[in-house]
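Colleague: build me a model:
(chains A, B, C and D)
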There are 4 protein chains.
Amino acid sequence: MDFSSDTAAPAHPSVLEALAKANEGPAASYGNDAVTAELRGVLENVLETEDFDFWLCASGTASNALALSCFCPPTGAVLCHAGAHIAVDERGAPEFFSGGGKLQLLGGPQGQISEDALRDALARINHDFVHETPAHVLSLTNLTENGTAYPAETVRHYAALAHETGLDVHLDGARLANALVHTGATPAQMSWKAGVDVLCLGLTKTGAIGCEIIILFGGARKKFAELKARAKRSGHMPPKMRFLAAQALAMFEDGLWLDLAATANQRARQVADVLCRKPSTELTQPVHGNEVFVRLDDDLVRRMRDAGATFYPWPDGSYRLVTSWNTPQDTIDALSGLVD
Amino acid sequence: MDFSSDTAAPAHPSVLEALAKANEGPAASYGNDAVTAELRGVLENVLETEDFDFWLCASGTASNALALSCFCPPTGAVLCHAGAHIAVDERGAPEFFSGGGKLQLLGGPQGQISEDALRDALARINHDFVHETPAHVLSLTNLTENGTAYPAETVRHYAALAHETGLDVHLDGARLANALVHTGATPAQMSWKAGVDVLCLGLTKTGAIGCEIIILFGGARKKFAELKARAKRSGHMPPKMRFLAAQALAMFEDGLWLDLAATANQRARQVADVLCRKPSTELTQPVHGNEVFVRLDDDLVRRMRDAGATFYPWPDGSYRLVTSWNTPQDTIDALSGLVD
Amino acid sequence: MDFSSDTAAPAHPSVLEALAKANEGPAASYGNDAVTAELRGVLENVLETEDFDFWLCASGTASNALALSCFCPPTGAVLCHAGAHIAVDERGAPEFFSGGGKLQLLGGPQGQISEDALRDALARINHDFVHETPAHVLSLTNLTENGTAYPAETVRHYAALAHETGLDVHLDGARLANALVHTGATPAQMSWKAGVDVLCLGLTKTGAIGCEIIILFGGARKKFAELKARAKRSGHMPPKMRFLAAQALAMFEDGLWLDLAATANQRARQVADVLCRKPSTELTQPVHGNEVFVRLDDDLVRRMRDAGATFYPWPDGSYRLVTSWNTPQDTIDALSGLVD
Amino acid sequence: MDFSSDTAAPAHPSVLEALAKANEGPAASYGNDAVTAELRGVLENVLETEDFDFWLCASGTASNALALSCFCPPTGAVLCHAGAHIAVDERGAPEFFSGGGKLQLLGGPQGQISEDALRDALARINHDFVHETPAHVLSLTNLTENGTAYPAETVRHYAALAHETGLDVHLDGARLANALVHTGATPAQMSWKAGVDVLCLGLTKTGAIGCEIIILFGGARKKFAELKARAKRSGHMPPKMRFLAAQALAMFEDGLWLDLAATANQRARQVADVLCRKPSTELTQPVHGNEVFVRLDDDLVRRMRDAGATFYPWPDGSYRLVTSWNTPQDTIDALSGLVD
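Modeller: Okay, here's the model as predicted:
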C-alpha cells in the first residue's frame, strides 16, 4: 500500500525495453545520436509543431531551474504560487541556477495562482525602480502541487496577461500527463497554443526512470544555445544521452504516457471514493490527478499505518496520498477493507 | 572504427540486466531504497573501509563540481593541472557550483602536475593576504586527461604535501579503473590510503549508462549533509536513485569494472602498436590507459577517415584515439589493415 | 520641504571636518591606518565591550548582505519581515552575496515580526529534510521599515528563541540611532547584550556621507576572516579606509549620532502632530523614529506638492514622510501653515 | 619615505573642498542630484563625446567587476593578462559578479598581452563547442600592473581584433591618468576612439578619496540599466552619490588629474634614476608611470628599510616602489642620500 509518491513507483517495462534496444554499438555523445534524433520527430507529432528546441534532463528540479535561468536574470524575479515545487521543494535551485534571482510568491486557492494575485503582481512591476526586483517570468505548475489542474484556457489567459507585461511563461509539467488526462487538453493546447514559452515536460513521475524534457517554443528558441551551455556547466549534459531519449520514446509510443496517467488518475479517484465512505473524511482539495489531499480521523490513519500503508502528513494537518501507473487494484481493495 | 570517446560506447549488458532487476515494485525515493543500501555494502568491500559516505550522480561534471564545492569556498581556489577536465571541459562547472571560486592552473608534463609546480603553489598560499585567492583543494585526475596514470605513491606524496598546507584532496576518477589496471593499485591504495579526501569514482566511461560515485572519506564525511543539500539544489538528487545504484552494483560484481578497463587498456595498447608500425607515427604521451595521443602522417589520417574511423584532433596537432570495453578486436584488425 | 528620505540630507559638518583632519600624509591602506585604529577604541566605549571585530562599508545594502552571507550558506535561508529592507529594497543583494540563499518572509504588524510568526518558522526548520531550505539566520531591523522600534527586550527575546534553534541573529541598524533614542536602550543593550551576533550599525542616514559598520560579537568573530574576504571580492574594501573611519569618529564624538537622531525623531513627531491637526489625517504606524506613515486627504497632498514638499506614496495608499538631522524648524512651520 | 602604494597617499585638498561645497542642503539620492548632473557635462568635455552613460563607484575592484559582469555571461570568459589586477588582486571579484564566469589568462612581457597570445586565444573561441568556455570580453589594463603603458594604437589594434571575433573591450584604467601622461594620448584616444566599449576610469590612485567611473560607450550603453541593477544589488549604489560626483569634479577641474599623474610619473622617474646610480640596480620593467620595478642589492634594501622606507617585494625577487601626487621632492632627496 504505497501512497508515498509517484517517484516510488518502478519504471514501466517498456522503458526498460527501450533502454536495451538503444544499447547497440557506439553512438555519438551529448545528444548527437540517432535515438535522440528519432525523439525529435516523435516530439513534433506529440506537440503538433516543428517550432521548438528541446533538451533532456534526468531531474525535474534541474529541468525547472535550467529553464528558468534562461529567462530570469540574476537581477530579476519569477512569479509563482507560494506552494509551487520550485518555491518549496527544490532547496533553492532556481536561486542557484539564476545566480541569485528571486521567487515572488503569489497566493490563490487549490495551489493555483488567483487572477487577482497575478494582476496585482504584474501591475507592480517597474523596471525603472532599481531597488526592487522586477518579475521576468511567470511560472505555472500543472498538475499543481495540490493535485489540481489548471484548464488550458486559464493557462492561456494567464500567459496572455504575462506577455502583455513582457514576461515569459514557464510551465512546470512534472505531472503534465495527469493534467492533460483530466482536462482533455492536448499537449499543444496546454503549452505553446496557450502561450507557454518553455515547458518542462516530466515523464519520471509518469513512469520513466528519470526523464524530463525542456522544450523551448517559438521565440524562446533563441535561448537554446544558452540552455545547452547552462546544462553543460550544471552537469546536465549526460554523455550517453541516447538512454534519456530512449525513455521518452517508450513513453510517447502509442500514447503510453497518457494511458499511464489515466490509470494513476483513476486510482486516485478510487482512493478518494474509498476514503470518503467515512463521514469523518474530508477532501481538502478536489482530486484532478493522481494526488488525494484529505483529512482523516486518527483511528483510520492508525489502521492504515498498521496495514503498512505509506503516505505523508501535510503541513495543514491533512494527508497526501499519491497513486501511480503501478498502483494495483489490489491496493485499492485492501484500503477499502480498512475503511469499513 | 569508433575511437571518438569511451562515452560513445554502449553500456555493458550486465548494467541493463541490473536495471531490470531493480525495477520491482515501489521503492523509497532519493536513495533510501534497498538497492542503494546494498551498494553501500559492496562499496565497503571495494574500498576496504566503512569510513565513508557516498552519493550517486549521473554526470561526471556534476560529480566533480559537487565534490569541489563542498571543500572550496567562494573565496577560495582549487589547484589543478592546466589540462584538467575541470579546467578545460566543464564549461565553468567548478566556478558555478562553488559560487565563484577559482581554479589555479599548474603545469607539468603528461597531464600530471609536477612536484615543483605543486610545491610552488602551496608555498604561495597566504590566507592572511586578503587580495589573493588561497587554494583550499588539490584536485588530481587519474587517469589524467593525457591518458597517463599517476602511481599511487605520487598521489600519496602529493596528498601529504597538500595536507601539510591545510588543503583537502580531490581525485577525479572518471577513468579510475583504467588507472588502477595500469598501476596495479587497489581502489583503497589509490584513494583513502593515499590521503584522498573525496573521490569521484566514475563508471560511465568504464561501461555504465551514467553512474558516478562521490565518496567522502574519514574527516571529509562531515561534509555529507552539505553534499546532499548541494546535490538537491543542483538537480542531482534523482528520485529513482535505485537505478543509479543498480548500475554500480553491476559494475562492481566480480570486478567487472576492472575487467572492462583491462580490455579497454589492452585495445589502446594494440592501437598504439599498430599505428607505431609506421615510422612517421609518434606517440606524444605514454599509453597507460585507454587513450592514445599520437602524431600521424596526413596520408594515414586520410585513409583512416575514408574507412570511417572517428577520432578527434588535439590542440597540439596530434590526434586522440580512445578505446572502450566495447572496442572489438575486428576494429583493431581493420586499423591494422590500413596501416600497412 | 524635503521629506523624501534621510539619505537626501547633507552630511553633518563635523563629518567633513573629520575627513579633512584624516587627510594628512600617507597612511596604510585597507584599514591598517591610525584613524581606523582610533575608531576601534571608540567603538569599545560605544559598545561597552572589547569582544568584537568590525568592518567599514559605504553602503547599507552591502553591509547587510555581507553580514548575512557569512552566516547563511547558499543552501540556507534568512528569516525576516516581509517588509524588511533586505527583502524589498536591495534588488536581491542577500541572494547575490550568499550565492543563492533564500529569504523566508514573516508577517507581523508595524513592520515587526510577530512572535507567533517567528515561533512557527523556527518550529518548521528541519535540517534533515533536504528538499526544503532551512533558516540559518534571523534578521531583525531596528528602526523597522515602518518606522517603529523594537524594544531591546523584544530583540533579546527573539534572539533567544533563534539561538535555541541554532540560528544566528542579524540586526539591520540602518536607523539604529533613531531606535536607540526612542527606546532609551544603549547600543550594547540593543545588540550583544540582547543576543545580536552581527550588527549593521548605520551612520549614513543619521548624518554621515556614507558609513556603515558591520560588527561581529563574541562567537561570531570567527567569521571575521571570511567577512574580509567577502568584502574584498565584492568591492567593499576601499583602499583609503581612513576616510570611512573618520566619518564614524565624527559621529560618535560626544554622542553626536544620538543627538542627530534625537533631532530627526523630534521633527517627525512634529510633522505627525501638525498633520494630525486635520481630522482626515490618519497615522498608519506609530511614530517611533524619523518616519511618519500617514493617510492624507487629497487636497492637503495637493497643497503640499504645490508648496514644493517632496515625499513618497506608500503601496497601501498612505504616504511616507521622512525627517533628518537637517530638517529645519522652518520646514515644520511651513508645513503647519499648509495644514490650517 | 612611503613607496608602498599610491592608495596610501592622502586625497588632494581640492577633493576635500569639493566635498564641502557639495554638502549643501538636501539633494536627491542615488545619482539624481545636481552635482552628478554637472559631472555629466564635465565628462562630455573630458571624453569629447556625448555618446556614453556612466556610473560612480568608490572601489576599483567593484568598478571592474561590475563592468565585466555586464558583458561576460556566467557561461563565458574574459581574456586578460596573467598578471592583471582582476586576475591577481581582486579575490575572485570577476567570478563573483559574473556568476561564475572565467578569466582566461594570457601571457606577454611587461604586463602587456602579446599580440600572438591574443590572436591565439581569439582563434580558439568556438561558441558551438559547448564544453569549453568562450571568451566574451577582452580586458586590458592601462597603466598595466607592471607599470608600463600600452600606446593608444595598441589598444586600438587589440580592440579591433577583439571586435572582429565578437568580443567587447574593457579597459581597467585604475591608473589611466598615468598612462595618458606617458603616452600623450587623450582620454578619448585611449578609450572610445580606440574601440573601448567600457572604461573603468580610476581617480582614487590619482588623488581622490575613493572615486571610480564606469563609462559605457556607444553600443555598450544598452547595458546601462543592467549596470545599475547590478550596482544596486552589490551595494554599489551609495545613496549620497553627490559626494562621489564631487570628487570627480575636483579631479577634472583644469585637468588636475593629469597634473597629479604627471607629478607622480616624474617622481617615479626620479626614483629610478636615483636607484640606478648604483651599478647593481636593475630595472625589471621600463618606467612609464608611477611605479618602479627594480632589483636592488640587499645592502641598499637594508639601508632603505632602516631609513623608514616602505615598499613591497615582488614575487620575482625584485621590488616595487610606487609614487603618488603627494610624494615630496624631499623623499627623493632622502632616497638619493641613501644610495651614494
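
Colleague: interface residues of the stretch 151-300 of chain A facing chain D?
Modeller: A:225, A:226, A:228, A:229, A:230, A:232, A:233, A:237 (C-beta under 8 Å from any C-beta of the partner chain). Using the backbone N, CA and C atoms, a C-beta is placed for each residue, glycine as well.

Colleague: can I assume the third one sits in a strand?
Modeller: No: the assignment for residue A:228 (DSSP: H, G, I helix; E, B strand; the rest coil) gives helix, which keeps it out of a strand.

Colleague: how many neighbours does it have?
Modeller: Neighbour count of residue A:228, defined by other C-beta atoms under 10 Å in any protein chain shown: 21.

Colleague: what about the residue nearest to it when sequence neighbours are not counted, which helix or strand?
Modeller: For residue A:228, ignoring the flanking residues on the chain, the nearest one in space by C-beta to C-beta, 6 or more residues apart in numbering or on different chains is residue D:130 at 5.2 Å. Using DSSP states H and E, residue D:130 maps to neither a helix nor a strand.

Colleague: and if you look at residue A:331?
Modeller: Short version, using DSSP H and E: residue A:331 is in helix A:329-339.

Colleague: what residues sit buried inside that helix?
Modeller: By neighbour count on 16 or more other C-beta atoms under 10 Å in any protein chain shown, the buried set for helix A:329-339 is A:331, A:332, A:334, A:335, A:338.

Colleague: help me confirm that the residue nearest to residue A:228 comes into contact with residue A:236.
Modeller: No: taking C-beta atoms under 8 Å as the definition, residue D:130 is not a contact partner of residue A:236, at 11.6 Å.

Colleague: extract the CA atoms of the helix or strand harbouring residue A:246 and return them as PDB.
Modeller: According to DSSP H and E, residue A:246 maps onto helix A:242-252. Backbone C-alpha positions of helix A:242-252 (Å, rounded to 0.1, in the frame of the first residue of the first chain) are rendered in PDB as follows:
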ATOM      1  CA  ARG A 242      20.500   8.100 -26.000                       C
ATOM      2  CA  PHE A 243      19.400   6.500 -22.800                       C
ATOM      3  CA  LEU A 244      17.300   9.500 -21.900                       C
ATOM      4  CA  ALA A 245      15.900   9.800 -25.300                       C
ATOM      5  CA  ALA A 246      15.000   6.100 -25.300                       C
ATOM      6  CA  GLN A 247      12.900   6.500 -22.200                       C
ATOM      7  CA  ALA A 248      10.900   9.300 -23.800                       C
ATOM      8  CA  LEU A 249      10.400   7.300 -27.000                       C
ATOM      9  CA  ALA A 250       9.000   4.500 -24.900                       C
ATOM     10  CA  MET A 251       6.700   6.800 -23.000                       C
ATOM     11  CA  PHE A 252       5.300   8.500 -26.100                       C
END
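
Colleague: counting contacts, what elements does that helix pack onto?
Modeller: Using 3 or more C-beta pairs under 8 Å, 6 or more residues apart in numbering or on different chains; DSSP states H and E as the contact test, the elements touching helix A:242-252 are helix A:13-22, helix A:34-47, strand A:52-57, helix A:256-276.
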